[in-house]
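# With the input below, show me the fold.
(one chain, ligands or ions: 1)
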Amino acid sequence: MNASDHITRLKEDGWTVVENVVPEAHIEDLKRQIQASTDEHGTERARKMGIGHVGGFIAFNQALAPYLADRRVIEPVQGILGPHIKISFTTATINMPENPRGTWHADWPFNQNNAGHVEAPYPDVPMHITTLWMLSPFSEENGGTLIVPGSHREPNNPTCDIGVDPSAPYPGEINACGDAGSVLVLDSRMWHSTAANTTSDPRVSVVVRYAPWWLNTRVLCDSLERKVLGKRTGLADNDQPLVPKNIYENLPEDVKPLFSHWVAEA
Ligand SMILES: O=C(O)CCC(=O)C(=O)O
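From the prediction side, this is the model:
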(Lines give C-alpha, C1' and ligand atoms only; values in the text may rest on other atoms or scores of the structure.)
Protein backbone atom coordinates (compact mmCIF):
# COMPACT_ATOMS: atom_id res chain seq x y z
CA MET A 1 0.00 0.00 0.00
CA ASN A 2 1.25 3.51 -0.74
CA ALA A 3 0.66 6.67 1.35
CA SER A 4 -2.54 7.52 -0.45
CA ASP A 5 -3.98 4.02 0.22
CA HIS A 6 -3.15 4.42 3.93
CA ILE A 7 -4.79 7.86 4.01
CA THR A 8 -7.94 6.45 2.41
CA ARG A 9 -8.04 3.62 4.96
CA LEU A 10 -7.53 6.06 7.83
CA LYS A 11 -10.36 8.27 6.59
CA GLU A 12 -12.77 5.43 5.89
CA ASP A 13 -11.97 2.80 8.54
CA GLY A 14 -9.95 4.83 11.06
CA TRP A 15 -6.94 2.51 10.99
CA THR A 16 -4.18 1.04 8.84
CA VAL A 17 -0.95 -0.94 9.24
CA VAL A 18 2.32 0.26 7.68
CA GLU A 19 4.55 -2.77 7.22
CA ASN A 20 8.32 -3.30 7.57
CA VAL A 21 9.19 0.04 9.16
CA VAL A 22 11.64 -1.22 11.79
CA PRO A 23 14.31 -3.45 10.23
CA GLU A 24 14.19 -7.06 11.41
CA ALA A 25 17.87 -6.92 12.40
CA HIS A 26 17.15 -4.27 15.07
CA ILE A 27 14.00 -5.75 16.60
CA GLU A 28 15.45 -8.08 19.24
CA ASP A 29 17.76 -5.36 20.55
CA LEU A 30 14.89 -2.85 20.68
CA LYS A 31 12.70 -5.32 22.58
CA ARG A 32 15.47 -5.84 25.13
CA GLN A 33 15.86 -2.10 25.62
CA ILE A 34 12.11 -1.50 25.97
CA GLN A 35 11.81 -4.35 28.46
CA ALA A 36 14.75 -2.96 30.48
CA SER A 37 13.22 0.53 30.46
CA THR A 38 9.81 -0.70 31.64
CA ASP A 39 11.49 -2.82 34.35
CA GLU A 40 13.33 0.28 35.57
CA HIS A 41 10.79 3.08 35.03
CA GLY A 42 7.42 1.33 34.64
CA THR A 43 4.61 2.56 36.89
CA GLU A 44 3.36 0.34 39.70
CA ARG A 45 -0.26 1.11 38.81
CA ALA A 46 0.17 -0.25 35.26
CA ARG A 47 2.22 -3.23 36.44
CA LYS A 48 -0.69 -4.31 38.65
CA MET A 49 -2.82 -4.45 35.45
CA GLY A 50 -0.21 -6.59 33.67
CA ILE A 51 1.17 -3.70 31.63
CA GLY A 52 4.72 -2.38 31.39
CA HIS A 53 4.23 1.37 30.88
CA VAL A 54 6.78 4.16 30.58
CA GLY A 55 5.39 7.58 29.66
CA GLY A 56 7.82 9.94 27.94
CA PHE A 57 9.90 6.95 26.82
CA ILE A 58 12.06 9.11 24.49
CA ALA A 59 13.49 10.91 27.54
CA PHE A 60 14.73 7.56 28.90
CA ASN A 61 15.66 5.67 25.76
CA GLN A 62 16.20 6.78 22.15
CA ALA A 63 16.53 3.39 20.44
CA LEU A 64 13.36 3.90 18.37
CA ALA A 65 14.25 7.47 17.40
CA PRO A 66 15.88 6.64 14.03
CA TYR A 67 12.50 5.45 12.71
CA LEU A 68 10.08 8.08 14.06
CA ALA A 69 10.32 10.31 10.99
CA ASP A 70 10.11 7.44 8.48
CA ARG A 71 8.26 8.76 5.42
CA ARG A 72 6.10 5.64 5.25
CA VAL A 73 4.56 6.62 8.61
CA ILE A 74 4.82 10.41 8.40
CA GLU A 75 3.12 10.76 5.00
CA PRO A 76 -0.14 9.08 6.06
CA VAL A 77 -0.06 11.06 9.34
CA GLN A 78 0.43 14.33 7.44
CA GLY A 79 -2.28 13.30 5.01
CA ILE A 80 -4.71 13.37 7.94
CA LEU A 81 -3.30 16.14 10.19
CA GLY A 82 -1.68 18.47 7.67
CA PRO A 83 2.01 19.13 6.96
CA HIS A 84 3.07 20.61 10.31
CA ILE A 85 3.08 17.86 12.93
CA LYS A 86 4.74 17.15 16.27
CA ILE A 87 5.06 14.11 18.52
CA SER A 88 2.85 14.37 21.58
CA PHE A 89 3.46 11.04 23.35
CA THR A 90 6.07 8.28 23.36
CA THR A 91 4.98 5.47 25.68
CA ALA A 92 6.69 2.10 26.02
CA THR A 93 3.86 -0.42 26.39
CA ILE A 94 4.24 -4.13 27.14
CA ASN A 95 1.26 -6.46 27.53
CA MET A 96 2.60 -9.03 29.99
CA PRO A 97 1.50 -12.66 29.64
CA GLU A 98 -2.00 -13.09 31.08
CA ASN A 99 -2.77 -9.39 31.36
CA PRO A 100 -6.54 -8.87 31.41
CA ARG A 101 -8.56 -7.17 28.71
CA GLY A 102 -8.72 -3.38 29.24
CA THR A 103 -11.56 -0.93 28.75
CA TRP A 104 -12.87 0.75 25.60
CA HIS A 105 -11.69 4.31 25.16
CA ALA A 106 -10.64 6.86 22.58
CA ASP A 107 -7.25 8.46 23.16
CA TRP A 108 -6.36 11.89 24.41
CA PRO A 109 -7.74 14.47 23.68
CA PHE A 110 -11.02 12.57 23.15
CA ASN A 111 -10.85 10.50 26.35
CA GLN A 112 -13.40 12.28 28.54
CA ASN A 113 -11.59 11.15 31.71
CA ASN A 114 -8.54 13.30 30.98
CA ALA A 115 -8.30 16.83 32.34
CA GLY A 116 -7.51 18.09 28.84
CA HIS A 117 -10.21 16.81 26.54
CA VAL A 118 -12.34 17.94 23.63
CA GLU A 119 -15.82 17.95 25.07
CA ALA A 120 -18.19 15.32 23.60
CA PRO A 121 -20.07 15.44 21.32
CA TYR A 122 -16.96 16.43 19.38
CA PRO A 123 -16.94 17.52 15.73
CA ASP A 124 -16.08 15.01 12.99
CA VAL A 125 -12.51 16.29 12.66
CA PRO A 126 -9.30 14.24 13.05
CA MET A 127 -7.06 15.99 15.57
CA HIS A 128 -4.57 13.37 16.73
CA ILE A 129 -3.06 10.12 15.47
CA THR A 130 -2.06 7.16 17.64
CA THR A 131 0.58 4.74 16.36
CA LEU A 132 1.57 1.45 17.94
CA TRP A 133 5.03 0.30 16.91
CA MET A 134 4.97 -3.49 16.95
CA LEU A 135 8.23 -4.93 18.23
CA SER A 136 6.45 -8.24 18.76
CA PRO A 137 4.04 -9.47 16.12
CA PHE A 138 0.49 -8.46 17.12
CA SER A 139 -1.96 -11.41 17.03
CA GLU A 140 -5.33 -12.42 18.45
CA GLU A 141 -3.48 -14.61 20.96
CA ASN A 142 -0.95 -12.11 22.32
CA GLY A 143 -3.19 -9.06 22.55
CA GLY A 144 -3.16 -7.26 19.21
CA THR A 145 -5.00 -4.03 20.05
CA LEU A 146 -8.80 -4.38 20.10
CA ILE A 147 -10.44 -1.87 17.78
CA VAL A 148 -13.93 -1.08 16.49
CA PRO A 149 -13.36 -0.13 12.83
CA GLY A 150 -15.38 2.93 11.82
CA SER A 151 -15.90 4.15 15.40
CA HIS A 152 -13.61 7.15 14.71
CA ARG A 153 -16.60 8.89 13.10
CA GLU A 154 -18.66 8.71 16.32
CA PRO A 155 -18.98 11.99 18.26
CA ASN A 156 -18.34 10.20 21.57
CA ASN A 157 -16.73 7.12 23.06
CA PRO A 158 -17.21 4.75 26.01
CA THR A 159 -15.24 6.96 28.43
CA CYS A 160 -18.61 8.76 28.68
CA ASP A 161 -21.77 7.03 29.79
CA ILE A 162 -23.14 6.28 26.31
CA GLY A 163 -24.71 2.93 27.19
CA VAL A 164 -21.62 0.91 26.19
CA ASP A 165 -20.06 -1.31 28.85
CA PRO A 166 -16.36 -0.37 28.57
CA SER A 167 -15.26 -3.81 29.76
CA ALA A 168 -17.48 -5.97 27.53
CA PRO A 169 -16.87 -7.24 23.99
CA TYR A 170 -18.42 -4.90 21.41
CA PRO A 171 -20.08 -6.00 18.14
CA GLY A 172 -17.63 -5.76 15.22
CA GLU A 173 -14.51 -5.61 17.39
CA ILE A 174 -11.31 -7.06 15.92
CA ASN A 175 -7.72 -7.47 17.04
CA ALA A 176 -5.40 -5.29 14.94
CA CYS A 177 -2.65 -7.71 13.88
CA GLY A 178 0.67 -7.37 12.07
CA ASP A 179 4.27 -8.50 11.89
CA ALA A 180 7.02 -7.23 14.17
CA GLY A 181 8.44 -4.06 12.65
CA SER A 182 5.01 -2.85 11.46
CA VAL A 183 3.22 0.25 12.72
CA LEU A 184 -0.49 0.28 13.54
CA VAL A 185 -1.87 3.75 12.79
CA LEU A 186 -5.18 4.83 14.35
CA ASP A 187 -7.25 7.98 14.27
CA SER A 188 -7.12 8.74 18.03
CA ARG A 189 -10.94 8.90 18.09
CA MET A 190 -11.03 5.16 17.32
CA TRP A 191 -12.61 3.10 20.11
CA HIS A 192 -9.90 0.71 21.23
CA SER A 193 -8.79 -1.33 24.19
CA THR A 194 -5.91 -3.35 25.52
CA ALA A 195 -6.48 -7.00 24.62
CA ALA A 196 -5.59 -9.97 26.81
CA ASN A 197 -2.27 -11.62 26.09
CA THR A 198 -2.96 -15.34 26.39
CA THR A 199 0.57 -16.40 25.37
CA SER A 200 3.64 -16.81 27.56
CA ASP A 201 5.61 -14.07 25.74
CA PRO A 202 5.34 -10.34 26.47
CA ARG A 203 3.80 -8.26 23.63
CA VAL A 204 6.26 -5.42 23.24
CA SER A 205 5.36 -2.08 21.64
CA VAL A 206 5.88 1.66 21.81
CA VAL A 207 2.86 3.95 21.44
CA VAL A 208 3.80 7.15 19.60
CA ARG A 209 1.22 9.84 19.02
CA TYR A 210 1.37 12.64 16.47
CA ALA A 211 -0.45 15.97 16.76
CA PRO A 212 -0.95 18.91 14.39
CA TRP A 213 1.04 22.05 15.29
CA TRP A 214 -2.05 23.77 16.70
CA LEU A 215 -3.07 21.16 19.28
CA ASN A 216 -2.17 22.36 22.79
CA THR A 217 -0.20 19.52 24.43
CA ARG A 218 0.98 21.50 27.48
CA VAL A 219 -1.54 19.78 29.76
CA LEU A 220 0.64 16.67 29.38
CA CYS A 221 3.60 18.23 31.20
CA ASP A 222 4.18 20.39 34.24
CA SER A 223 2.47 23.59 33.09
CA LEU A 224 -0.04 26.26 33.96
CA GLU A 225 -2.60 24.57 31.66
CA ARG A 226 -2.19 21.33 33.58
CA LYS A 227 -2.75 23.04 36.93
CA VAL A 228 -5.74 25.06 35.73
CA LEU A 229 -7.50 22.22 33.90
CA GLY A 230 -6.80 19.77 36.71
CA LYS A 231 -8.38 22.16 39.20
CA ARG A 232 -11.36 23.02 37.04
CA THR A 233 -12.23 19.48 36.00
CA GLY A 234 -11.04 17.55 39.06
CA LEU A 235 -9.44 15.13 36.56
CA ALA A 236 -5.85 14.01 36.06
CA ASP A 237 -3.98 13.74 32.77
CA ASN A 238 -1.19 11.72 31.20
CA ASP A 239 2.37 12.65 32.07
CA GLN A 240 4.92 13.07 29.29
CA PRO A 241 8.16 14.49 30.68
CA LEU A 242 9.96 17.02 28.47
CA VAL A 243 13.00 15.85 26.48
CA PRO A 244 16.25 16.95 28.17
CA LYS A 245 18.23 19.30 25.92
CA ASN A 246 21.29 17.04 25.61
CA ILE A 247 19.08 14.14 24.50
CA TYR A 248 17.23 16.34 22.02
CA GLU A 249 20.50 17.54 20.52
CA ASN A 250 21.58 13.97 19.80
CA LEU A 251 18.34 12.97 18.06
CA PRO A 252 18.51 12.32 14.29
CA GLU A 253 18.20 15.60 12.34
CA ASP A 254 14.91 14.61 10.68
CA VAL A 255 13.39 13.67 14.07
CA LYS A 256 14.34 16.88 15.91
CA PRO A 257 11.51 18.97 14.38
CA LEU A 258 9.00 16.49 15.79
CA PHE A 259 10.23 17.17 19.35
CA SER A 260 11.34 20.81 19.15
CA HIS A 261 8.17 21.91 21.03
CA TRP A 262 8.98 19.57 23.92
CA VAL A 263 12.53 20.35 25.03
CA ALA A 264 13.39 21.07 28.67
CA GLU A 265 15.31 24.33 28.88
CA ALA A 266 17.69 23.33 31.70
O1 LIG B 1 -1.42 -1.68 23.93
C2 LIG B 1 -2.47 -1.68 23.29
O3 LIG B 1 -2.75 -2.56 22.49
C4 LIG B 1 -3.48 -0.57 23.49
C5 LIG B 1 -2.91 0.58 24.26
C6 LIG B 1 -3.92 1.66 24.47
O7 LIG B 1 -5.09 1.45 24.52
C8 LIG B 1 -3.44 3.02 24.63
O9 LIG B 1 -2.22 3.24 24.74
O10 LIG B 1 -4.29 3.94 24.62
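
# Setting aside sequence neighbours, what's the nearest residue to the residue in the stretch 1-150 of the chain positioned nearest to the ligand?
Ranked by C-beta to the nearest ligand atom, the top residue of the stretch 1-150 of the chain for proximity to the ligand is Thr145, at 3.4 Å. The way it works is simple: take the backbone N, C-alpha and C, and place the C-beta from them, glycine included. Excluding the flanking residues, the one nearest Thr145 by C-beta to C-beta, 6 or more residues apart in numbering is Ala176, at 4.7 Å.

# how close does the residue most central in space within the chain sit to the ligand?
Nearest to the mean C-alpha position of the chain, by C-alpha atoms, centre = their mean, lies Val207 at 3.6 Å. Counting by C-beta to the nearest ligand atom, to the nearest Å, the gap from Val207 to the ligand is 5 Å.

# Just list what the helix or strand containing that residue packs against, helices and strands only.
When elements are assigned from DSSP states H and E, Val207 belongs to strand 203-212. Here strand 203-212 touches helix 24-41, helix 71-81, strand 85-95, strand 129-134, going by 3 or more C-beta pairs under 8 Å, 6 or more residues apart in numbering; DSSP states H and E.

# redo that, cut-off 6 Å
Where contact means 3 or more C-beta pairs under 6 Å, 6 or more residues apart in numbering; DSSP states H and E, strand 203-212 is packed against strand 85-95, strand 129-134.

# Give me the contact list for the last one.
For strand 129-134, contacts defined as C-beta atoms under 6 Å, 6 or more residues apart in numbering pick out 77, 107, 178, 180, 182-186, 188, 205-210.

# Near the ligand, which residues of this protein are found?
Neighbours of the ligand within the chain, by C-beta under 6 Å from any ligand atom: Thr93, Asn95, Asp107, Leu132, Thr145, His192, Thr194, Ser205, Val207.

# Pull out the buried residues from the worst-scoring helix or strand of the chain on mean pLDDT.
Ranked by mean pLDDT, DSSP states H and E, the weakest helix or strand in the chain is helix 44-48, scoring a mean of 94. Neighbour counts over helix 44-48 (16 or more other C-beta atoms under 10 Å) mark Ala46 as buried.

# can you check stretch 205-217 too?
Buried residues in stretch 205-217 (16+ other C-beta under 10 Å): Ser205, Val206, Val207, Val208, Arg209, Tyr210, Ala211, Pro212, Leu215, Thr217.

# can you map out the strands along this structure?
Along the chain, the segments classed as strands by DSSP state E run 15-18, 51-55, 85-95, 129-134, 146-147, 174-175, 183-187, 192-193, 203-212.

# Listing request: residues of the stretch 1-150 of the chain with sub-threshold pLDDT.
The model of the stretch 1-150 of the chain has no residue with pLDDT under 70.

# try the stretch 151-266 of the chain
266.

# Would you confirm that the residue of the stretch 1-150 of the chain closest to the ligand contacts Ile174?
No - using C-beta atoms under 6 Å as the test, Thr145 is too far from Ile174 to be in contact (9.4 Å).

# about what we covered before: make TSV out of the strands of the chain and add distance to Gly116.
As requested, these are arranged in TSV below (distance: least, C-beta to C-beta, whole Å):
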stretch	distance to Gly116
strand 15-18	24
strand 51-55	15
strand 85-95	11
strand 129-134	16
strand 146-147	23
strand 174-175	29
strand 183-187	18
strand 192-193	19
strand 203-212	12
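
# nearest to Val243, of those?
Val243 sits nearest to strand 85-95 of all these, at 9.1 Å, using C-beta to C-beta.

# okay, the angle between that closest one and strand 51-55?
150 degrees (axes from the mean of the first three to the mean of the last three C-alpha atoms, to 10 degrees).

# mind listing what strand 85-95 pairs with, with the direction of each?
Strand pairing for strand 85-95, using DSSP bridges, gives strand 51-55 (antiparallel), strand 203-212 (antiparallel).
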